[in-house]
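J.: Here's my sequence, what's the structure:
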Amino acid sequence: MDITLLMQAITISVICYLGALSTPWLLGLTGGWYTITRPLVSGMIVGLILGDMKQGIMMGVAIQTVYIAMVTPGGQMPADLNFVAFPAIALAMLSNTSTEVAVTLATTIGILGTIVFNMYQVINSFWNHRAVAAIREGDYKKFRMNAIFGPQLVNFISRFVPSFLVLYFGSGFAKTMLDSMPQYLIDVMSYLGGVLPAIGIAMLLTAVVKENSLFLFFLLGFVCIVFLELNMIALTIVAAVIAYLYFNGLNKNSSVSSAGVVIGEEDEEEF
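T.: Numbers count the residues shown, from 1 in each chain. Here you go, the predicted model:
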């Protein structure tokens, strides 16, 4: 038994539970779902646990771009970001795979994770009926058991067990499976992994950008990074200056237009 891998699998699986959508212990959704379950953050955490923080952050950044515009309306998820954030990144690191393949692997595991989440929701209906009955009976202790501890036990099992099994028993299997794959299949996974982040960025731009002309700023930032090779600090300064000039110009145009309207009204009154 590999004690190091055992402890790593247990630690990552516990954090996977703490970051789940229905786990309240880390300041509700604020510290869990909206903080440590973001792949950028979880990549750093997983990398720290596995002893390679740089690689974890790199994988987290690549995977984060895929899900940067993902929303969960009514708790319904197109992919389970929690399984993407922890077992998927950890499995990719333990398998020593490339970042592109890790993105494809994470996407697959995320989709499969929705099955676990939906099963968890179905099982929770059992606790819900019992909690309603406890309210009618006025039994606070029974209500607390069925409204908090029962669902969280199911939540812990549905998060910890799959994550632990994948990490402890699946790392060697995943590495063997990747080594046995033909090269063309790995190439296809790499190409898909390179395209998926672009789709995530496109979804975010579609949601944020309201005027087509604003895409010019995105293209300018792309040129600054790729061709001018500016670092993020320099790009942030350039973006701040351009944003100031742009909005200052908009305000001046608005003031001129308003002044024109006022003058026109005064002339009409004098006439």
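J.: ok, and for the helix or strand where residue 115 lies, which residues are buried?
T.: Element membership for residue 115, per DSSP states H and E: helix 99-137. Across helix 99-137, burial judged by 16 or more other Cβ atoms under 10 Å covers 99-107, 109-110, 113, 116-117, 120, 123-124, 127, 131, 134. In this view, the C-beta of every residue, glycine as well, is placed from N, C-alpha and C.
J.: Next: stretch 211-223.
T.: For stretch 211-223, by 16+ other Cβ under 10 Å, it's residue 221.
J.: May I have that stretch exported as CSV, CA atoms only?
T.: Output in CSV follows, covering the C-alpha atoms of stretch 211-223 (Å, rounded to 0.1, in the frame of the first residue of the first chain):
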residue,chain,number,x,y,z
GLU,A,211,-21.8,45.8,-28.8
ASN,A,212,-19.8,44.2,-31.6
SER,A,213,-17.3,47.1,-31.7
LEU,A,214,-16.1,46.1,-28.2
PHE,A,215,-14.6,43.0,-29.6
LEU,A,216,-11.8,45.2,-30.9
PHE,A,217,-10.6,45.6,-27.3
PHE,A,218,-10.4,41.8,-27.0
LEU,A,219,-8.4,41.6,-30.3
LEU,A,220,-6.1,44.3,-29.0
GLY,A,221,-5.4,42.3,-25.8
PHE,A,222,-4.8,39.2,-27.9
VAL,A,223,-2.2,41.1,-30.0
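J.: how far is it from where the chain is centred?
T.: With Cα atoms, centre = their mean, to the nearest Å as the basis, stretch 211-223 stands 24 Å off its chain's centre.
J.: and what of stretch 91-110?
T.: Distance, centroid of stretch 91-110 to centroid of chain: 15 Å (Cα atoms, centre = their mean).
J.: ok, now stretch 236-252?
T.: The answer for stretch 236-252 is 30 Å, by Cα atoms, centre = their mean.
J.: model confidence over it, on average?
T.: Averaging pLDDT along stretch 236-252 gives 86.
J.: Residue 153: neighbouring residues, count only.
T.: 12 (other Cβ atoms under 10 Å).
J.: Need the pLDDT of it.
T.: The confidence metric pLDDT takes the value 94 at residue 153.
J.: Over to residue 141?
T.: 91.
J.: what does the helix or strand encompassing it contact?
T.: Taking DSSP H and E as the definition, one finds residue 141 inside helix 140-144. Residues from elsewhere that reach helix 140-144, judged by Cβ atoms under 8 Å, 6 or more residues apart in numbering: 130, 131, 134, 135.
J.: Now pLDDT too, for those residues, in CSV please.
T.: Formatted as CSV, the contacts of helix 140-144 follow (pLDDT from 0 to 100):
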residue, pLDDT
130, 91
131, 91
134, 92
135, 91
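J.: So for residue 156, what's the nearest residue that isn't a sequence neighbour?
T.: Closest residue to residue 156 apart from its sequence neighbours, by Cβ to Cβ, 6 or more residues apart in numbering: residue 17 at 5.1 Å.
J.: Lovely, talk soon.
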